[in-house]
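Asks: Just a sequence and a predicted model for now, questions to come.
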Amino acid sequence: MNTEQLIAVIHQIAEKIEAEKAFLTELDNVIGDGDHGINLARGFGEVEKKLDSLKDKEPGDVLKSVGMTLVSTVGGASGPLYGTGFMKLGGAVRGKDSLTVPDFLAGFQQAIEGIMQRGRSTKGEKTMLDAMIPAKEAMESTWNATQDPKAAFAAGIAAAKEGVAFTKTIAATKGRASYLGERSIGHQDPGATSFTMLLEIVGGAV
Ligand code: ADP
Ligand code: MG
């Protein structure tokens with residue numbers, strides 16, 4: 001994936017988030033403060049405004065700029081967390097003109113570690129990490145077995161969806177939803193849901 005393709009994917013992500021804004025906000029209404037869709041739509045709206053000026057940059061710099069914009073324009077927890085993820089992904093692929101599946105996987109791992117550090121969170125706490133970590137593991141094992149980008153993304157997306165379903169079964173121990181404790185059981189995590197949407201868009205472009 002080169003810069004032109006990456007920018008097209010980020011446009012699609014922004015459109016998807018805008019289209020799902022109400023749904024994501026509704027999910028957050030139930031176990032949080034009802035702003036997840038609004039937060040991400042604002043952030044990706046700002047990202048979109050900058051994309052034209054990034055056409056001549058390498059993919060890593062585009063990703064870093066996306067991350068910095070999310071950190072600086074999204075008020076909720078998800079802005080700094082997603083922002084950190086995009087910045088780490090960008091840093092991991094520095095110097096490359098085009099990104100391969102192994103590049104993406106290495107960056108994905110850095111992104112997960114960055115989010116865990118910034119959020120002081122781990123798997124099993126009903127957050128975006130419950131979609132991200134299984135997705136990365138499934139992508140990696142399918143890639144190693146098949147060397148097929150489409151198959152790797154399909155496996156990652158399937159695992160992310162299972163992760164979203166898993167978040168329904170557990171109580172939140174991080175983020176605002178943790179204030180609800182056991183009462184958060186039965187409801188899917190908004191951040192795990194939005195991450196799955198992002199991965200579906202990227203997967204659709206490979
Ligand atoms: P806020 O919680 O500040 O209102 P958002 O509603 O935009 O921010 O985002 C909520 C999402 O952020 C949650 O659904 C969860 O996936 C994610 N999240 C919150 N706290 C953490 C954390 N410490 N680590 C990882 N993800 C988190
Ligand atoms: Mg919220």
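Replies: Nice, thanks for sending it over. Here the structure is a predicted model, which is why all the values come from computation and not from measurement. Numbers count the residues shown, from 1 in each chain. Ligands and ions are numbered 1, 2, ... in the order given.
Asks: element containing the residue positioned nearest the centre of the chain, please.
Replies: Centroid-nearest residue in the chain: F195, 3.8 Å away (criterion: C-alpha atoms, centre = their mean). Per DSSP states H and E, F195 falls inside helix 190-204.
Asks: For the residue in the chain positioned nearest to ligand 1, give its distance to ligand 2.
Replies: Residue of the chain nearest ligand 1, by C-beta to the nearest ligand atom: G191 (2.0 Å). In this view, the C-beta of every residue, glycine as well, is placed from N, C-alpha and C. As defined by C-beta to the ion, to the nearest Å, G191 lies at a distance of 9 Å from ligand 2.
Asks: number of nearby residues for that residue?
Replies: Summarising burial for G191: neighbours were counted as other C-beta atoms under 10 Å, giving 33.
Asks: Please look at it and V74 and confirm they touch.
Replies: No - assessed by C-beta atoms under 8 Å, G191 is found out of contact with V74, at 11.9 Å.
Asks: on that earlier part again, for the residue lying closest to the residue of the chain closest to ligand 1 once chain neighbours are set aside, what are its contacts?
Replies: Nearest residue to G191, sequence neighbours excluded (C-beta to C-beta, 6 or more residues apart in numbering): M128, at 3.5 Å. M128 is in contact with S78, L81, Y82, I115, D189, G191, A192, S194, F195, counting by C-beta atoms under 8 Å, 6 or more residues apart in numbering.
Asks: do you know how far M128 is from K55?
Replies: 29 Å (C-beta to C-beta, to the nearest Å).
Asks: D28 too?
Replies: Distance from D28 to K55, by C-beta to C-beta: 34 Å.
Asks: Those two: who's more crowded?
Replies: Using other C-beta under 10 Å, the more surrounded residue of D28 and K55 is D28, with 27 against 10.
Asks: ok, the more buried one touching G34?
Replies: Yes - between D28 and G34 there is a contact under C-beta under 8 Å: 5.1 Å.
Asks: element containing M68?
Replies: Going by DSSP H and E, M68 is part of helix 59-73.
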